[in-house]
Each structure stands twice: as C-alpha cells, then as structure tokens.
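J.: Kindly return the folded structure for what I paste below:
(one chain, ligands or ions: 1)
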Amino acid sequence: MTPDPGIPAAPELFTWQFATDPYPAYAWLREHSPVHRTTLPSGVEAWLVTRYADAKQALADARLSKNPVHHSEHAHAKGKVGIPGERSADLMTHLLNIDPPDHTRLRRLVSKAFTPRRVAGFAPRVQELTDRLIDGFAGKGEADLIHEFAFPLPIYAICDLLGVPAEDQDDFRDWAGMMIRHGGGPRGGVARSVKKMRAYLLELIHRKRSELGDDLISGLIRASDHGEHLTENEAAAMAFILLFAGFETTVNLIGNGTYTLLRHPEQRRRLQDSLARGEHELLGTAVEELLRYDGPVELATWRFATEPLTVGGQSVATGDPVLVVLAAADRDPARFADPDALDLTRRDNQHLGYGHGIHYCLGAPLARLEAQAALATLLTRLPDLQLAAEPAELRWRGGLIMRGLRTLPVAFTPESD
Ligand code: HEM
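T.: Sure thing, here's the model as predicted:
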C-alpha cells in the first residue's frame, strides 16, 4: 500500500524516546491506526488497542481469553509472554491467566479474604510504614524517592497484609528488586527469584495451616475450608499474584504521581493547601487523575482471541494477542475533556487505569490507600519538595506492561528532629 502523503509516518514504538514519553505516539495511533498491528521487542506480534471505547469493550470481551494456551504461536512456552518464571515455577493458575469458570471460583474465594473491611482496617499500618520510610531520609534534605520510598512501601505493605513475618520481608524486598530491575530485560534472574518466592510461600501456607492468624494467607486457607476448594498450589499462586500485581504497580503510582505533581506546581499547591486545611476530598480525585494522566499500567496484561472477531472494526484472527493500551485510552479526547491536561479536581473520570470487567483490579482499594497516604504524607512533611534533576535526565523503565521511573531524585529542607 502506498502511504498517504497527507498522513505522517507511523511513530516508532518501544524506543528509548517512546519509553520517556509515549503519549504523542499514542495520539497518532488513536487517530490513524486505532487497532494497530505491531511487533513487540520480544518478536511477538500483537494488536494494540488505543481508543477508549474499543479498549473498554475489549477488556470485557469473553472471546478474548487470558489463558496463554490460546496464543497461536505458543510464545508463553518460549518465555516470551506472561510473567517470567511463572511457568517453570508452576504458578500458572493465577487470576491473570485464567478465564471463567475457574476465574470466577478463585476470584470469589480471594474476595472473601481480601475484603474492603480488611483493607480499611489496614490504614493505620500503611500510615505507620509511610512515616517510618520518610523518617529514613527526611533529615538528609535529598533522596531518591523510588528506592527509598515508592519501592519499599508496597512490598512491606503486602507482606504485612499476607502475614509474611517481619524478619523475612527483606528477602521479598530482594526478590522484588530483581523483578523490577529486570522487567522486560534478562529473565533468568527473575525466574530464579520467582522460584524462591514460591518455595517460601508454599512453606508459609503450610505453617499457617496449623496456626491460623488474622492475616490474608490465613484468610485464603479459611475460605477454602468452607466447602469450596483452594489447593495449596492455588493458594501459592494467589499469594504470588497479589505480590506481583500489587507491587510494581503501586511503586509506579507513587513514583509517577509524585513526579507529575512536581511538574505541575499550581495543581500541587492546590492539593498541598487543601491537605494543610485538613481536607481530604481533593486527595481522592487527585489520585484518580494521576492514574489517568500517567498511570503505572501502560498496557493491560495479555489477551488472546479464541475465535475470529473484530475489535474497533479491525479483524483479529484466532490466536492473535490483543494488548489494550490503558495509557492511550485514558488520554482519548473522545472520552475525556482536555485529556492531556492534569486536573486534580476532574470528576468525570472513569479511567481504565485499574482495568475493566471481570479482571478489574482486585487491589484497587489497597492501591488507593497506599497512594493517598504516600502523597499526602510526603507533601505535608516535606512541603518544599522539588525535583533534583532535569526531567530529560530521568530514565523510564522500558518494560512492556508497566510504566515507571528508575529513579526520582528530590531535594527539600531537611526536617529537624
Ligand atoms: C488486576 C492495575 C494495584 C492486585 C489489575 C488490572 C489492572 C491493575 C489494570 C487488570 C489487568 C488486566 O485486565 O489485564 C493496578 C494498578 C495498581 C494496582 C494501577 C496500583 C496503582 C494492585 C494491588 C493489588 C493488585 C495493590 C493487590 C495487593 C490485582 C490482582 C489483579 C489485578 C490480583 C487480577 C484480578 C483478576 O484477574 O481478576 N490491576 N493494580 N493490584 N490487580 Fe491491580
């Protein structure tokens, strides 16, 4: 086909520039090629869905399976699709890889244990963790907010929630560090960390069985005792996916969110003023807007066509992977007024940052709790927080699914004792 001379050439995807700022490329795709066939850095071919309406429909389409066995090229078996190491570590039966009826059963079981009440009751602990981490650098006048704050907070929070004893939590910090450093890169080290994590979790589940507590793993075991069955393997896969899905996402929500606020001084001041007045209403809409504006999950996890279908008018063949680009959908001018503007007061904000449909984020209440505590406490304790690097110097992780900063250097007036 001869390219139309009136339309600029398709942007290059997955380059370094793209990782830094993918939004111009997404605007082009939404307009000129809304369901776009591309070759991913791994060599796997996939469709990218970038318009809001198509994205929402695809996320809820039961003909798009989450189970990688449906991929025409079986890239999962070659380690090119999915979480590195999940197959070799026997961790495949988690929520993000399965369809109904298995998904319905497992989601119902975990929902019995991971209740909004449990999350709400966890708020004081999240505040304590947040303050403890800020104590670690508040006197220094500078910090890397990713390493010293955004990274450890969700790890310790999820470990606490699951019931991982305090003395073992630094092992998780190491394993998670391996995963985040190598996301999208060499997979061997990640696979080893995933194996170690699984062995640990199985052992922990075993121990908890004989001494149930009020933690989430005990809750999962209890839920399985009420007539429905959750095997030890399923419980381990569930704990694993809670850690995996709930960790880098939250790191990036805190990281991207803080960075966005620091780059929008007027909006940041409004938020800071409202917090100083003891009002928390703006904080709620602010976190949702930060998720829409530059959310941590750039693409929803893999989906595969189980039959020939059309997405946004485009034919998709059986076995084709379909990737829903949440970051593109959430800037769609057909859905959001002035989508490239940050508006912390935005109310009409049904963003897709947590997905949509039956796989809608299970941990959204916890993510909101952590992000709200993290941002409010940072801005209140370190009111003159500022970026200590030029935006162009900052490096973004080029992982396929996630979008987040490698480092976030900041400076502030040190807190006195
Ligand atoms: C699913 C985003 C935090 C647990 C999802 C999905 C998205 C998402 C987009 C759907 C994926 C898809 O359809 O392919 C986020 C964001 C977070 C966050 C942006 C933080 C800012 C968390 C936390 C947890 C968690 C803290 C748990 C501790 C899960 C689980 C699923 C999921 C278990 C799979 C649900 C299912 O398949 O039924 N998340 N997540 N997430 N999330 Fe989150």
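
J.: quick one, phi/psi of the closest residue to Ala364 other than its chain neighbours?
T.: Excluding the flanking residues, the one nearest Ala364 by C-beta to C-beta, 6 or more residues apart in numbering is Tyr354, at 4.8 Å. Bear in mind the C-beta positions are built from the backbone N, C-alpha and C, glycine included. The phi and psi values for Tyr354, taken as degrees, to the nearest 10, are phi -100, psi 10.

J.: if I pick the residue of the stretch 301-417 of the chain at minimum distance from the ligand, what's in contact with it?
T.: Closest approach between the stretch 301-417 of the chain and the ligand, counting by C-beta to the nearest ligand atom: Gly363, at 2.0 Å. Taking C-beta atoms under 8 Å, 6 or more residues apart in numbering as the criterion, Gly363 is in contact with 114, 242, 245-246, 249.

J.: list the helices and strands the host helix or strand of Thr38 packs on?
T.: Using DSSP states H and E, the element containing Thr38 is strand 35-39. Judged by 3 or more C-beta pairs under 8 Å, 6 or more residues apart in numbering; DSSP states H and E, the packing partners of strand 35-39 are strand 45-49.

J.: For the strand it packs on, the averaged confidence score.
T.: Across strand 45-49, pLDDT averages out at 97.

J.: near the ligand at all, it?
T.: No: Strand 45-49 does not reach the ligand (C-beta under 6 Å from any ligand atom); its nearest approach is 12.0 Å.

J.: that older thread, show me what the strand holding Thr38 is in contact with.
T.: Taking C-beta under 8 Å, 6+ apart as the rule, strand 35-39 contacts 10, 13, 29, 45-50, 54, 311-314, 316.

J.: so what pLDDT did the residue of the stretch 301-417 of the chain closest to the ligand get?
T.: In this model, Gly363 is scored at 96, pLDDT.

J.: Backbone dihedrals for it, please?
T.: phi -100, psi 10.

J.: wait, Ala317 sits on Ala305?
T.: Yes: in this structure, Ala317 is within contact of Ala305 by C-beta atoms under 8 Å, at 6.6 Å.

J.: Which of the two has more residues huddled nearby?
T.: Between Ala317 and Ala305, Ala305 has the larger neighbour count (other C-beta atoms under 10 Å), namely 23 against 11.

J.: Please list all residues in contact with that one.
T.: Listed by C-beta under 8 Å, 6+ apart, the contact set of Ala305 reads 63-65, 70, 316-320, 322.

J.: switch the cut-off to 6 Å
T.: 316, 318, 320 (C-beta atoms under 6 Å, 6 or more residues apart in numbering).

J.: Can you read off the backbone torsions of it?
T.: phi -70, psi 130.

J.: max-length helix in the protein?
T.: If you go by DSSP state H, the chain has its longest helix at helix 232-262.

J.: the inter-axis angle of the very next helix or strand once past that one versus helix 232-262?
T.: Of the helices and strands lying after helix 232-262 in sequence (DSSP H and E), the nearest is helix 265-276. Interaxial angle of helix 265-276 relative to helix 232-262 (axes from the mean of the first three to the mean of the last three C-alpha atoms, to 10 degrees): 110 degrees.
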